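Chemist: kindly generate the corresponding structure for this input.
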Amino acid sequence: MNALVVGLGGFIGATSRYLLSSFINRSGNCGFPVSTLIINILGSFLIGLLTELLAALCPDNKKIKLFLTTGILGGFTTFSTFSLETVNLFQEGKAVFGVANIILSVAFCLTGVVLGKMLAKTIANI
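Modeler: I've put the predicted structure just below:
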């Protein structure tokens, strides 16, 4: 049942991301990924807002949390989860882990993009 709740939320989040990105990009491409930046900032704000509200208003309802955070916001952007986890590390006094999470996430995500692009170019040349 949890997988269904997350899947439904993921569908809503991913569809919302697509629609919002399409709307933002209608104004033209300035060479900077504005829609991604806006979506990631919005998702980070929303996951912070929702986790606090859910903890205060319905702390025992795991399905609502799964639907909204893992499902919708996970589908909307995984950056919101990264942001929340990093802030939580700092708030828990684990600054070294927080800094490591930032450095490793950025470094490995960028490296993953580069390696994926390289692999795609290799496959395309075969």
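
Chemist: list the buried residues of the longest helix along the chain.
Modeler: Of all the segments assigned as helix in the chain under DSSP state H, the longest by residue count is helix 95-125. Residues of helix 95-125 classed as buried by neighbour count (16 or more other Cβ atoms under 10 Å): G98, N101. In short, each C-beta sits where N, CA and C put it, glycine included.

Chemist: that helix packs against which elements?
Modeler: Under the contact criterion of 3 or more Cβ pairs under 8 Å, 6 or more residues apart in numbering; DSSP states H and E, the helices and strands touching helix 95-125 comprise helix 79-91.

Chemist: coming back round to it: now the longest helix of the chain: average pLDDT?
Modeler: Helix 95-125 shows an average pLDDT of 92 in the prediction.

Chemist: where does the prediction get shaky in the protein?
Modeler: Under the criterion pLDDT under 70, the flagged ranges of the chain are 126.

Chemist: and L53, how far is that from T69?
Modeler: The spacing between L53 and T69, counted by Cβ to Cβ, to the nearest Å, is 11 Å.

Chemist: which one's more surrounded, those two?
Modeler: More neighbours surround T69 than the other of L53 and T69, with 21 against 11 (other Cβ atoms under 10 Å).

Chemist: so the more buried one sits right up against I47, yeah?
Modeler: Yes - the criterion here is Cβ atoms under 8 Å, and T69 meets it with I47 at 5.8 Å.

Chemist: shared neighbours of those two, which are they?
Modeler: Taking Cβ atoms under 8 Å, 6 or more residues apart in numbering as the contact criterion, the residues that touch both T69 and I47 are T81.

Chemist: point to the residue nearest the middle of the protein.
Modeler: T78 (1.9 Å; Cα atoms, centre = their mean).

Chemist: okay, the angle between the longest helix of the chain and helix 79-91?
Modeler: For helix 95-125 against helix 79-91, the angle between stretch directions is 150 degrees (axes from the mean of the first three to the mean of the last three Cα atoms, to 10 degrees).
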